[in-house]
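Colleague: how does the following fold in three dimensions:
(one chain, ligands or ions: 1)
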Amino acid sequence: MSCGLVSFVGAGPGDPELITLKGLRRLREAEVVLHDRLVPHELLDEVSPGATIIDVGKTPGRPCVGQDQINWLLVDWARRREHVVRLKGGDPAVFGRLGDEIEAVRSAGIAFEVIPGVTAASAAAARLGISLTRRGSASTLVFAAGTDQTGHHSAALDWELLARAEGTLVFYMPVGSLAPITAALTMLGRDPREPAILVERVGTPGERVIASRLADIAEEGRAAGVAAPAVLITGPTVVGASVPLTLRRAASHVAV
Ligand SMILES: C[S@@+](CC[C@H](N)C(=O)[O-])C[C@H]1O[C@@H](n2cnc3c(N)ncnc32)[C@H](O)[C@@H]1O
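Modeller: Got it, this is the predicted structure:
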């Protein structure tokens, strides 16, 4: 039996203009679109009027479509010979359960492709005018999950390694664990004065940035009521971040 095609497409975070040309083309051609909660909703206007759009977004603390059901939907629609676009926030390969979905599609014998997207860390760095790496002082770049699957506890990470790592650490899903993350890093030897930044809802009208030092960022984030989605970036290259005008701080430049 011939099957359809599943295109895993990275939508980018927040700003709808950050999708790739190839991703946008696939979205316009799609017959079925299964999308995450965090994809820029303006992109759904690009979908052809006859196509089926299914929201399979997961909202923390609310009943939602489970991963098994998403896998099943992908396979089921593709078996009807449809061109399915699985639209995911940011880059599908970064904390996006892409591996599970590829496995489901591959084991059903369905053709697929992955079209990368701009991940939240890259979008945040770009907005703030910082580099995530720097020759000599930031040759390592780590993307880490800040919380475990429950969303309430810090992820089980090698904190000693992260504390020692020279360079930039980016924590995705950090909001529920800001204090444990920063305490673990500083107690295990990371410089508490290292510049750190929290970027909430990057690329959206609600974007906010809290710039501080590693030792203080958790408290500042808590005081500001920072909520998901946000990324925590800490490392020497965070110095000199040019803070856009949409920020809660009055200063247009953060001297950290
Ligand atoms: C399940 S992960 C998906 C990451 C996504 N695949 C990517 O590459 O950006 C969700 C986390 O990504 C981060 N994130 C996604 N969109 C964001 C945004 N617009 N602003 C800040 N962080 C974002 C947050 O840490 C959020 O909790």
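Colleague: relative to the ligand, which residue of the protein is the closest?
Modeller: Across the chain, the shortest distance to the ligand (CB to the nearest ligand atom) belongs to G90, at 2.0 Å. Yep, even glycine has a C-beta here, placed from its N, CA and C like the rest.
Colleague: for that residue, give me its contacts.
Modeller: By CB atoms under 8 Å, 6 or more residues apart in numbering, G90 lies in contact with 10-13, 38, 96, 117-120, 123.
Colleague: okay, and which of these map to strands?
Modeller: G10 (DSSP state E).
Colleague: neighbour count added to the contacts of G90, as CSV?
Modeller: Formatted as CSV, the contacts of G90 follow (neighbours: other CB atoms under 10 Å):
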residue, neighbour count
G10, 27
A11, 31
G12, 28
P13, 27
L38, 20
G96, 20
G117, 28
V118, 22
T119, 25
A120, 29
A123, 22
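Colleague: out of the contacts of G90, which one sits closest to G109?
Modeller: G96 (22.6 Å; CB to CB).
Colleague: got a pLDDT number for that closest one?
Modeller: pLDDT recorded at G96 is 93.
Colleague: quick one: name whatever helix or strand follows the helix of greatest length in the chain.
Modeller: As assigned by DSSP state H, the longest helix anywhere in the chain is helix 67-79. Heading C-terminal from helix 67-79, the first helix or strand you meet, by DSSP states H and E, is strand 83-88.
Colleague: counting contacts, what elements does that next one pack onto?
Modeller: strand 5-10, helix 21-29, strand 32-35, helix 67-79 (3 or more CB pairs under 8 Å, 6 or more residues apart in numbering; DSSP states H and E).
Colleague: phi, psi for A165 please.
Modeller: phi -60, psi 130 (degrees, to the nearest 10).
Colleague: show me what contacts it?
Modeller: Taking CB under 8 Å, 6+ apart, one finds 140, 142 in contact with A165.
Colleague: same check, this time on the one 3 residues further on
Modeller: By CB under 8 Å, 6+ apart, the contact set of T168 is 132-133, 138, 140-142, 233-238.
Colleague: partner residues bridging it?
Modeller: Beta bridges link T168 to L141, judged by DSSP bridges.
Colleague: what separation do you get for it and G117?
Modeller: 20 Å (CB to CB, to the nearest Å).
Colleague: quick one on the thing from earlier: which of the contacts of G90 fall in helices?
Modeller: Per DSSP H, these map to helices at 120, 123.
Colleague: adding distance to the ligand, write the contacts of G90 out as JSON lines.
Modeller: Shown next, in JSON lines, are these (distance: CB to the nearest ligand atom, whole Å):
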{"residue": "G10", "distance to the ligand": "7"}
{"residue": "A11", "distance to the ligand": "9"}
{"residue": "G12", "distance to the ligand": "8"}
{"residue": "P13", "distance to the ligand": "4"}
{"residue": "L38", "distance to the ligand": "5"}
{"residue": "G96", "distance to the ligand": "4"}
{"residue": "G117", "distance to the ligand": "7"}
{"residue": "V118", "distance to the ligand": "8"}
{"residue": "T119", "distance to the ligand": "3"}
{"residue": "A120", "distance to the ligand": "3"}
{"residue": "A123", "distance to the ligand": "7"}
